[in-house]
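**Q** sequence first, then the predicted structure:
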Amino acid sequence: MNGVNERTNRMGWWFIGLSIVSFAVFMIYPILSSVKLVFSSLSGDSSTFVGFGNFVRLFHDTTFWSSLGNSFLFLVVEVPIMLLFAIILAVVLNSKMLKLRGFWRLLIFLPCVTSLVSYSILFKMLFSSDGLINKFLMNGLHIISSPIPWLTDPTMAKIVIILALLWRWTGYNMIFFLAGLQNVSEEIYEAAEIDGASKIQQFLHITLPALRPIILFTAVQSTISTLQLFDEPMNITNGGPANSSTTIAMYIYNVSFKYVPNFGYAAAMSYVVMFIILILSLIQMKVAKNDD
Amino acid sequence: MKKFTKALLGLGVVLASTTLLTACGNSNSGSSSNGKTTVTIWADDPNFNVPIMKTAVKMYNAEHKNSGVTFKVQTQGDYNTKVQTVLSAGNKKNYPNIIKIEDYGSQKLISSYQNSFLTQNVDLSNFSKYKKSVVNYKGKTYGMPFDSGVSALFYRKDVFAKYGVKAKDLNNITWDQFMKLAEKVHKGSGKSILGTGALVGEDPDLVRQMLQSAGSWYFDDSGKLDVNSTAFKQSLKTVKSLKDNGLVTGYSDFNARNKALYNGNNLAVVEGAWFSASLKADKKSSGKWGIATVPRLTNVKGATNSTNEGGSSWYALNTGNAKADNAAKKFLKTMFDGNSKFYGKVLKEQAAVTTYKPAMTNKEWNTNDTFYNQKVNQYFKQNLNKIPSVSYGIHSSEVENILSGNLNNYYSGKTSLDATIKKIQSSYKSQVGSN
């Protein structure tokens, strides 16, 4: 090796060294010490070893199951709709016939740069009983006579959160699909067109298969982030009404910081969520592979 | 040139690591460099406990010029969570010296972090008796009692009078009697009477106040869940009949509720003394509001017309720095358990309804409040010492969360009272892991 390479090498170690050190201090150490937490009941100053006690307790905890159920509901309803929208938008925005493509792309991606808390608060204001949406529906369009209880009805509250998530994250996923579409050669479409394939057939048999790795990536990523959903329900509905929008992440937060603090129990729940995510991701990867 | 880049990089690394280190060692309190001691005080309300603490510091410093102690009053947002987080981190060096804790949460924090709290020398006979069970834990006193949330029925006396309900009709009555009067006003005006800052089934405030007015709480004295009591059942029944008769409206949050109070869509509210400041924020309604005693529960032994919503006390934390810890304790003792002049000043300036009995002779307690055209402080003073004493226990947050998931079903008639209570008991058991 010549001198320059050696120097670059050393330089490289300097660069990653800092991030490795901070990764060890802020990620590896906390993860390892959380293993100890899981098997103890840590209430305030006192810590007692309980073995699998936390998991037994969790099994009987109805609030845990209902909040896990809520998280899954958001996952099952929101993620497919969002990914479908994202693909359609990507295809439309990739079309050469569309004018001002950059402008539209920017517009749809823009929600992603807003902070989670501030857009949640805006949604809360928009959908409150005397908010803009109700006022528009009542006084502008005259289709309803009394305000829709967006935030105070259990089903409506879930719908508002799903709408918020769609607004915030569709553009984000669209960018991945748009990037994926750049790798699909124009010639394939031209060939298909000559063979007489319709636009829909082209979409189903060329675009979707070409985007499969990206669909897998966005699906896994959306699954992870939806199961960790916290900011939106916390700020829009505060988990209400009647706990109907409390997610598992919110419940973990409550057990750690709102109720009598029990970090052992909270850590046990976090591990359960982690394993669920792991299993779901494995399934998704398996399904995507089998299709090949 | 390359040497220069290298030097620059090295410098960057050194700088980055030093900022990391200083961030770790950043101490919040009790730093005694140059022989000076700093006492940090945390409070959350920039219109209430923050200026009150600043007044206390100012008066204390005027009397102890050479104490060598600097007091810092800091306003913290997201207060309850922040306090619980700093305590659970357990790094004593980062503790503030004095914190405010809401009375409902004090037992939870003291029992969880007993070693982090300092015992205080407080003469509890100087304070309203209901505060004792708030600041004491296992026979030791940890808190300095401060303000009270002594409750009142705030009502629009102009509208009530229009439909023939006078002030004297509203004092010392039962909820049943109140409902009859309220119905007249409701039918005549078409407006809602009581308003809650959450959906009725999720609002713990009304139930809390009813429970305490009868000397009852979610828990018995030993800390066991006690939702099968006559007081609890009667409270739920009362709220249900208020709701069935259209006399109570739940709003999505406190701002929406207060807006309805300001624009006259809602005519009354049962809240703690501190709520007065929110009403007064709407200057154009001066002269329209009155206060009366809170109705008492019907057919419940020990039911009174006095109760409480909120209120807080001051706690000194064990920061490991003896000098600062002692200075904090001495400051609290001097100002809050011995200085009537201070209490008179904050009553006048912040309308602080406090629980220190020797200060009850201050003339501010007996003056006429022009907003209500009533001697409001006198009312608070008289009711303060009648508030039944209850033990708030440590699991109130958990219970209130369970209530919000179950009471709606009872109020809307989906489940019976007994079934609702059974459901609350089983949810509590599964969540807390004990009875």
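**A** Okay, I see it. Everything numeric in this text was worked out from a predicted model, so none of it was measured.
**Q** CA atoms for contacts and neighbours, from now on please.
**A** Fine.
**Q** ok, whichever residue of the stretch 301-435 of chain B sits closest to chain A - contacts?
**A** Distances between the stretch 301-435 of chain B and chain A by C-alpha to the nearest C-alpha are smallest at B:G405, namely 4.0 Å. By C-alpha atoms under 8 Å, 6 or more residues apart in numbering or on different chains, the contact set of B:G405 is A:241-243, B:201-202.
**Q** C-terminal to the host helix or strand of it, what's the next element?
**A** Using DSSP states H and E, B:G405 sits within helix B:396-411. Next in sequence after helix B:396-411, counting helices and strands by DSSP H and E, comes helix B:417-432.
**Q** what's the burial count for residue 181?
**A** Answering for chain A, as no chain was given. For A:L181, the tally of surrounding residues (other C-alpha atoms under 10 Å in any protein chain shown) stands at 20.
**Q** meant chain B, my bad for not saying
**A** By other C-alpha under 10 Å, 18 other residues sit near B:L181.
**Q** low-confidence ranges, chain B, go.
**A** Scanning chain B for pLDDT under 70 picks out B:1-35, B:434-435.
**Q** spell out which parts of it neighbour chain A.
**A** Residues of chain B lying close to chain A (C-alpha under 8 Å from any C-alpha of the partner chain) are B:80-81, B:84-85, B:88, B:108-109, B:111-115, B:199, B:201-202, B:252, B:394-395, B:397-398, B:401, B:404-406, B:408, B:427, B:430-431, B:433.
**Q** so B:N49 touches B:A43, yeah?
**A** Yes: the pair B:N49 / B:A43 is scored as a contact, 6.1 Å apart, by C-alpha atoms under 8 Å.
**Q** do a quick rundown of the helices in the stretch 101-250 of chain B.
**A** Applying DSSP state H, counting those that start in this stretch to the stretch 101-250 of chain B gives helices spanning B:103-112, B:132-135, B:157-162, B:167-170, B:175-189, B:204-213, B:230-244.
**Q** tell me which residues in the fourth one are buried?
**A** So the one you mean is helix B:167-170. B:L170 (16 or more other C-alpha atoms under 10 Å in any protein chain shown).
**Q** who touches that helix?
**A** With C-alpha under 8 Å, 6+ apart, helix B:167-170 has contacts from B:157, B:178, B:290, B:292-293, B:295.
**Q** rerun that using 10 Å as the cut-off
**A** For helix B:167-170, the external contacting residues (C-alpha atoms under 10 Å, 6 or more residues apart in numbering or on different chains) are B:153, B:155, B:157, B:160-161, B:177-178, B:181-182, B:290-295.
**Q** just the CA trace of that helix, in PDB.
**A** This file holds the C-alpha atoms of helix B:167-170, laid out as PDB (Å, rounded to 0.1, in the frame of the first residue of the first chain):
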ATOM      1  CA  ALA B 167     -77.800  33.200  45.000                       C
ATOM      2  CA  LYS B 168     -79.200  32.100  48.300                       C
ATOM      3  CA  ASP B 169     -81.100  29.200  46.500                       C
ATOM      4  CA  LEU B 170     -77.800  27.800  45.400                       C
END
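**Q** where does the stretch 101-250 of chain A get nearest to chain B, residue-wise?
**A** Nearest to chain B in the stretch 101-250 of chain A, going by C-alpha to the nearest C-alpha, is A:A242, at a distance of 4.0 Å.
**Q** burial of that residue, as a residue count?
**A** By the criterion of other C-alpha under 10 Å, A:A242 has 22 neighbours.
**Q** contacts only, for it.
**A** Counting by C-alpha under 10 Å, 6+ apart, A:A242 touches A:152-154, B:199, B:201-202, B:401-409.
**Q** closest to A:L37 out of the residues you listed?
**A** Using C-alpha to C-alpha, B:N401 comes nearest to A:L37 of these, at 25.2 Å.
**Q** now the most centrally placed residue in chain B: how far from B:Y379?
**A** In chain B, the C-alpha nearest the mean C-alpha coordinate belongs to B:G310, at 2.5 Å (C-alpha atoms, centre = their mean). Distance, B:G310 to B:Y379, by C-alpha to C-alpha, to the nearest Å: 17 Å.
**Q** let me have the helices of the stretch 101-250 of chain B in a markdown table, adding distance to A:S198 as columns.
**A** A markdown table is the format used below for those (distance: least, C-alpha to C-alpha, whole Å):
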| stretch | distance to A:S198 |
| --- | --- |
| helix B:103-112 | 66 |
| helix B:132-135 | 75 |
| helix B:157-162 | 71 |
| helix B:167-170 | 78 |
| helix B:175-189 | 66 |
| helix B:204-213 | 61 |
| helix B:230-244 | 61 |
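**Q** and the strands in chain B, which stretches?
**A** Secondary structure of chain B by DSSP state E: the strands cover B:37-43, B:69-75, B:98-102, B:136-137, B:140-141, B:143-156, B:192-196, B:248-250, B:266-272, B:289-292, B:308-316.
**Q** okay if I get the ones you listed as a markdown table plus distance to B:L417?
**A** What follows is these, written out as a markdown table (distance: least, C-alpha to C-alpha, whole Å):
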| stretch | distance to B:L417 |
| --- | --- |
| strand B:37-43 | 40 |
| strand B:69-75 | 43 |
| strand B:98-102 | 31 |
| strand B:136-137 | 34 |
| strand B:140-141 | 39 |
| strand B:143-156 | 27 |
| strand B:192-196 | 21 |
| strand B:248-250 | 19 |
| strand B:266-272 | 24 |
| strand B:289-292 | 30 |
| strand B:308-316 | 25 |
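**Q** B:L384 is nearest to which of those?
**A** strand B:143-156 (5.9 Å).
**Q** any buried residues in the closest one, and which?
**A** For strand B:143-156, the neighbour count (16+ other C-alpha under 10 Å) marks B:143-156 as buried.
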